[in-house]
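Chemist: Here is a sequence together with a model predicted from it:
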Amino acid sequence: MKTGFILPDSCPRGRTNCNPYAQIVSDNCESFFCVGLHDGSLSKVLQDKYTVCFKGPHDDDISMCDKRDLIHQAAVLTQALAIIEEGEQDVAQ
């Protein structure tokens, strides 16, 4: 499956109440990862104005987040990748 960066001009789910900021989408749009700003109609919590969507062959998830949630997700993913990379280097030696 070929994937790549797409200029986020529309929601891969076809929603009109969320403006995508960044996304990676497969050619056939069957899998994607997207982060956007929704209009407030998607969340019961006022500060949770960002939408994080992941759709893959076996998963389909939509999360409502605030800015802190996005920062924490990025921090956890970055730390995990650093640990994975460090572990892979240790195994290679």
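Modeler: Received it, and whenever you're ready, just let me know what you need.

Chemist: so where is the chain shaky, pLDDT-wise?
Modeler: 1-7, 89-93 (pLDDT under 70).

Chemist: For the stretch of helix or strand residue 23 belongs to, enumerate the helices and strands it packs against.
Modeler: Element membership for residue 23, per DSSP states H and E: strand 18-26. Identification of packing neighbours for strand 18-26 by 3 or more CB pairs under 8 Å, 6 or more residues apart in numbering; DSSP states H and E yields strand 3-5, strand 32-38. Just so you know, the C-beta spots here come from the backbone N, C-alpha and C atoms, and that holds for glycine as well.

Chemist: Repeat the analysis, applying 10 Å as the threshold.
Modeler: Secondary-structure packing of strand 18-26 (3 or more CB pairs under 10 Å, 6 or more residues apart in numbering; DSSP states H and E): strand 3-5, strand 32-38, strand 50-55.

Chemist: Quick check: phi and psi at residue 15.
Modeler: phi -70, psi 150 (degrees, to the nearest 10).

Chemist: what sits against it?
Modeler: Contact partners of residue 15, counting by CB atoms under 10 Å, 6 or more residues apart in numbering, are 36, 38, 39, 41, 42, 51, 53, 62.

Chemist: ok, it to residue 58 distance?
Modeler: Residue 15 sits 22 Å away from residue 58, going by CB to CB, to the nearest Å.

Chemist: and what of residue 9?
Modeler: Distance from residue 9 to residue 58, by CB to CB: 28 Å.

Chemist: Residue 27 now?
Modeler: Counting by CB to CB - residue 27 and residue 58 are separated by 19 Å.

Chemist: more crowded one of these two?
Modeler: With neighbours defined as other CB atoms under 10 Å, residue 27 and residue 58 compare such that residue 27 has more, 11 against 6.

Chemist: Thanks a lot, catch you later.
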